[in-house]
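Asker: With the input below, show me the fold.
(chains A and B)
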Amino acid sequence: MKGLIYREFYLSRKSFILMLLVYVLFVGMLSLVFISTYAGNLAGTEGVEEMRSSMFSQMYLYAGLIAIIGTVYGHNDIIEKDYQSHWQLYTYTIPVSEKKIAASKFIVRGAFLLLGIVLAFLADIIFSAAAKLPLSTGHFKNILIAGLLYGAVCFLDIPSMLRFRTQAKNAAIGLAIVVPLFAAFTYGAHKVIRFGYAEAKRLYPDLEGDAGLRKVLMPYIVKYRDMAVWIAPIVFVLTVLLMYIWSVKELKRRRY
Amino acid sequence: MNDYENAIEIKGLTKRYDGFTLDNVSFDVPKGSIMGFIGQNGAGKTTTINALLNIVKKDEGEIKLLGLDSVKDEFEVKSQIAAVFDELPFDDRLNANDINKILREVFEQWSSETFFGYLDRFALPRKKKFGKFSKGMKMKLQIASALSHNAKLLIMDEATTGLDPVVRNEILDIFLEYLQNEEHTILMSSHITSDLDKVADSVTFIDKGKLLISGYKDDILDSHGVLKCTKNDYREIDPEDIISARLSDFGAEVMVADRAECSRKYSGAVIDPATLEEIMIYYVNRSKKEWR
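Answerer: Residues are numbered from 1 along each chain as shown, chains lettered A, B, ... in the order given. Okay, here's the model as predicted:
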């Protein structure tokens, strides 16, 4: 199986290096922006403290998403290329079982995902140091949840690609499922925000802008986020297990 | 150590698809020989090879490779065989160094020295991406990788198709060299019967999912012949002696399966030795009996 794992890494290395460059540039440039808020041309500007804090609360997430999505991205097209290059057929002629073929893909994708999550944590630490703001456990929890949920989707992609063979077909089927879910989510979010505004008007009539809304919703967000920290790993592990079984089954089915 | 006489033994292999059936195919490939596996497109060559490699599940029949069951002992068998297809099965983004690192972990008996030896012999670069290789280079690379894990059986599906004669000759020489070791065997499916004329010891001919001829090439070539005669003389030939006949304005060319017997029976008639290509063409047209 080691050979199969090497192969997956060799095929992903170029995309990974490009992603790493984008990540380093993004984190580096934003760190400079953070530094400039107290030691550069932005220092002393009115409201700069609030801007730095607000930026920190968002940018760690963007850097994290670049890291998590970017590291796995290079591994996404390998299954389609395996079919195009006839590697998929060739694997049936070498002394390697379907379980090992599937495992090699899961191990490499898992390694990239883990690396992405580590890089996302690292970006948060760098931003915290650059912005001279304390590290937040909330940030770590958010990164972990984002990483595990995105990871679950990434692992779902493996048997799905084995089944549908091309990214275009896979994406079309994925969209057909995701679009109604996203519409439901958007509708739910809209209802929650309406509820938040109504409650803010009733409970905190003196607060301006979205401050009241934040005050109303934050306890819910924190509560559900803390629940998600426990649920996400379970969802992740179950998804990985189920997807592994599906992948092995799909590879066996290909022996028509 | 497993002892066996035939590197491949196929008995009653049947695979049914919608619109096509590989029907009760049986043949053996003796150890230390090269068998040409011929037939027109869609005859069932690839299905047979895929069944041998357990890529397709057979409906009926028994397949033994190197004396082992192709399904039960699949991994043991596959560590000792190599398959070569008409397309390179390696990603265009890889190079020969990568393949060496990958396959040395896949095959216990992989020899980097042998692999790089073949690369040098074929003048193939080690760091160039396969995407920049020509078709000939890709095939040479595939053969280099197939011969680098001490495979006892080489199974090739249309491997020389689309290659120029110079490269094909070079590859055929490698196969003959590989067969110097009497433990080594080759099954070679090809449309290019001239290649098989050069190297094959035995030939199996399949058509529309049915096995038509299987045996030593020299015996097949010796027994078959093309009888050339006028149309009137053609009418005199016993239909049982005719595989099929090609009629033209000038006369008839008749494929006969027993040249010696026909020479005696139709004394005076010219019976030329048949090539594998002619045998294939006349057998494919056997249902029409007469064709132009």
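
Asker: Low-confidence stretches in the stretch 51-200 of chain B?
Answerer: Residue ranges of the stretch 51-200 of chain B with pLDDT under 70: none are present.

Asker: Spatially nearest residue to the residue of it found nearest chain A (excluding sequence neighbours)?
Answerer: Closest residue of the stretch 51-200 of chain B to chain A, Cβ to the nearest Cβ: B:Glu105 (3.1 Å). Yep, even glycine has a C-beta here, placed from its N, CA and C like the rest. With sequence-adjacent residues excluded and distances taken as Cβ to Cβ, 6 or more residues apart in numbering or on different chains, B:Glu105 is closest to A:Gly3, at 3.1 Å.

Asker: what's the pLDDT at the one you found?
Answerer: On the pLDDT scale, A:Gly3 is placed at 91.

Asker: same deal with A:Asp124?
Answerer: With respect to pLDDT, A:Asp124 scores 95.

Asker: just checking, it touches A:Ile143?
Answerer: Yes - using Cβ atoms under 8 Å, A:Asp124 makes contact with A:Ile143 at a distance of 6.6 Å.

Asker: list residues touching both of these two?
Answerer: Applying Cβ atoms under 8 Å, 6 or more residues apart in numbering or on different chains, one finds that A:Asp124 and A:Ile143 are jointly contacted by A:Tyr60, A:Gly64.

Asker: does chain B sit close to the one helix or strand A:Val179 maps to?
Answerer: In the assignment (DSSP states H and E), A:Val179 maps to helix A:167-203. No - using Cβ under 8 Å from any Cβ of the partner chain, we find that helix A:167-203 stays clear of chain B, coming within 15.3 Å at best.

Asker: what helices or strands is that helix leaning on?
Answerer: On a contact count with 3 or more Cβ pairs under 8 Å, 6 or more residues apart in numbering or on different chains; DSSP states H and E, helix A:167-203 meets helix A:137-164, helix A:211-253.

Asker: Tell me which of those lies nearest to B:Ile271.
Answerer: Among those, the nearest to B:Ile271 by Cβ to Cβ is helix A:211-253 (52.7 Å).

Asker: and the closest one with helix A:137-164, angle?
Answerer: Using axes from the mean of the first three to the mean of the last three Cα atoms, to 10 degrees, one finds that helix A:211-253 and helix A:137-164 are set 30 degrees apart in direction.

Asker: so for helix A:211-253, what's the average pLDDT?
Answerer: The pLDDT scores in helix A:211-253 average 93.

Asker: angle of that helix against helix A:167-203?
Answerer: Between the axis of helix A:211-253 and that of helix A:167-203 there is an angle of 160 degrees, by the same axes, to 10 degrees.

Asker: and helix A:211-253, does that touch chain B?
Answerer: No - against chain B, helix A:211-253 shows no contacts by Cβ under 8 Å from any Cβ, the least distance being 9.8 Å.

Asker: just to revisit the earlier point, okay, buried residues for the helix holding A:Val179 please.
Answerer: Buried residues in helix A:167-203, counting neighbours by 16 or more other Cβ atoms under 10 Å in any protein chain shown, are found at A:Gln167, A:Asn170, A:Gly174, A:Gly196, A:Ala200.

Asker: okay, these in CSV with pLDDT next?
Answerer: Shown next, in CSV, are the buried residues of helix A:167-203 (pLDDT from 0 to 100):
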residue, pLDDT
A:Gln167, 89
A:Asn170, 91
A:Gly174, 90
A:Gly196, 93
A:Ala200, 92
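
Asker: and which of these is nearest to chain B?
Answerer: Closest to chain B, out of all of the buried residues of helix A:167-203 and judged by Cβ to the nearest Cβ, is A:Gln167, at 15.3 Å.

Asker: ok, the closest one touching A:Asp77?
Answerer: Yes - with contacts counted by Cβ under 8 Å, A:Gln167 reaches A:Asp77, the gap being 6.2 Å.

Asker: For chain B, give me its nearest residue in chain A.
Answerer: Nearest residue of chain A to chain B, counting by Cβ to the nearest Cβ: A:Gly3, 3.1 Å away.

Asker: Might you report the residue contacts of residue 199?
Answerer: Just so you know, I chose chain A. Counting by Cβ under 8 Å, 6+ apart, A:Glu199 has contacts A:Val216.

Asker: let's do chain B instead
Answerer: Counting by Cβ under 8 Å, 6+ apart, B:Val199 makes contact with B:Ile34, B:Gly36, B:Leu172, B:Phe175, B:Leu176, B:Met188.

Asker: now, the most widely separated pair of those?
Answerer: Maximum pairwise distance in those, criterion Cβ to Cβ, is 13.5 Å, between B:Gly36 and B:Leu176.

Asker: Nothing else from me, thank you.
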